[in-house]
Each structure stands twice: as structure tokens, then as C-alpha cells.
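Participant: sharing a model prediction with you, sequence too.
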Amino acid sequence: MKTLMKLFALAVPVLFAAACGGDTACSLAGTCMDMGTDPTICPPNTTLFRLQNGLYNTTAVSGIQDGCNLGLTMTSLSSQRNVVNDTMTATATITSQDNSTILGAGPVKCNAGVLTYGPTTLETGACRYESTRSSNFTLTADNTFTLQYTETRSKFMSVPGMNCTIVAPCNIAFTLTMNKPVQ
């Protein structure tokens, strides 16, 4: 009987999480609860927002810093991004629309987190370099977030047979506001 009660105690939170409705406060991991009762999880009265998988539109771009002289503009940064929310680990990953470029990945708790990627070695034109990325991620409403992105590029070297003229480390930064189109 005790074993049955233990199994029931473990199953109830899972069933409750699976039953979360549209008006229920649920964490990024899909756990539904009265967030006001446990201040160790989130501050009291925190409204938790949902993050669904899929393509998100850029609705605003600000704070562009282009220390690497890439020609970054509001237009060039206004593309769609793909979001994957792993509800089992409460981890969000943000990539380019075609998933070829990872902007960052990391845990999100109480609507916020730091998403990182790298260091990784990349190649652009005649240059090979190390890229390290970090973003402050904040959910501001259901399927709406801001991403304060920074990237440091360093350890430049020439691609074999080419001449990379960049030698000093450089940084880029920008802030995106993104939301998932209503379907």
C-alpha cells in the first residue's frame, strides 16, 4: 500500500503538468503550480509565460554594436529565429531560421535565463576565428521574449591559402524582441 501511495504521489505532479490549460501559470518546463507558495522557485506573484517551439518573428531590434564591422543593421537582424523549448530540461535553444547558426542555449527559470554557445571555431571569408556567444533571455508574455545578444570573436587566423587581415578581438551586440505568430 505504501508503494502504491508513493507512485500516486509521483504521478500526480506529472498528470497535473500535462493538464495545464491556457490560463494556468506554468513554468518553462511545463510544471503548473501556485508560484506564490514556494518563493525558492520564483518570487511571489510571478506570472510565468509559455514558450512554444517554432519560428519567431523579430518585432524590434535595438542597441546594435558592430565592433567587428559586419555591417549589422536593423534590417539584417530582423530575420526569423527558431526556438526549441526542451520541457524535460527547462532549456531553451535559439538558432537561425534554418538551424545553421546557434545563438545560444541554456536553462530558463522564472521567465529568464542566460543562453550561451561556444567557444567554437568558425570561418568567414578568409578568416578563421573563435566565437563565444551569450544572451540574456527574458520572456515578457506568452511566446514573446527579448534576447540581449553579445558575441566575442577572437584568435583570428587565415584560412589556408588566404589572407585574414583581422588580428584584434572584436565584439558585436544587439537586442531583439521576438514573438511567435498566432496560428
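Facilitator: Now that the structure is in, tell me what you want to look at. Quick caveat, the model's predicted, so the values are computed rather than measured.

Participant: in which helix or strand would I find residue 83?
Facilitator: Element membership for residue 83, per DSSP states H and E: strand 81-86.

Participant: show me what the next helix or strand after that strand is in contact with.
Facilitator: Counting by DSSP H and E, the element after strand 81-86 in chain order, helix or strand, is strand 91-96. Strand 91-96 has contacts (CB atoms under 8 Å, 6 or more residues apart in numbering) with 28, 51, 79, 81-86, 101-108, 113, 115, 135, 137, 147. C-beta: built from backbone N, CA, C; applies to glycine.

Participant: gap between strand 91-96 and the chain center?
Facilitator: With CA atoms, centre = their mean, to the nearest Å as the basis, strand 91-96 stands 5 Å off its chain's centre.

Participant: list the buried residues of the next helix or strand after that strand.
Facilitator: Elements were assigned by DSSP H and E; along the chain past strand 91-96, the next helix or strand is strand 102-107. Neighbour counts over strand 102-107 (16 or more other CB atoms under 10 Å) mark 102, 103, 104, 105, 106, 107 as buried.

Participant: what sits against the first one?
Facilitator: What it means is residue 102. Here residue 102 is in contact with 93, 94, 95, 117, 133 (criterion: CB under 8 Å, 6+ apart).

Participant: which one of those is nearest residue 64?
Facilitator: Using CB to CB, residue 133 comes nearest to residue 64 of the contacts of residue 102, at 15.7 Å.

Participant: residue ranges with poor pLDDT in this protein?
Facilitator: 1-40 (pLDDT under 70).

Participant: in ChimeraX, how would I select the buried members of the contacts of strand 91-96?
Facilitator: A single ChimeraX command selects the buried members of these (16+ other CB under 10 Å):
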select :28,51,81,82,83,85,102,103,104,105,106,107,108,113,115,135,137,147
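
Participant: quick one: residue 153 from residue 62, how far?
Facilitator: According to CB to CB, to the nearest Å, residue 153 stands 21 Å off from residue 62.

Participant: neighbour count for these two, which is higher?
Facilitator: It is residue 153, of residue 153 and residue 62, that has more neighbours when counted by other CB atoms under 10 Å, with 24 against 12.
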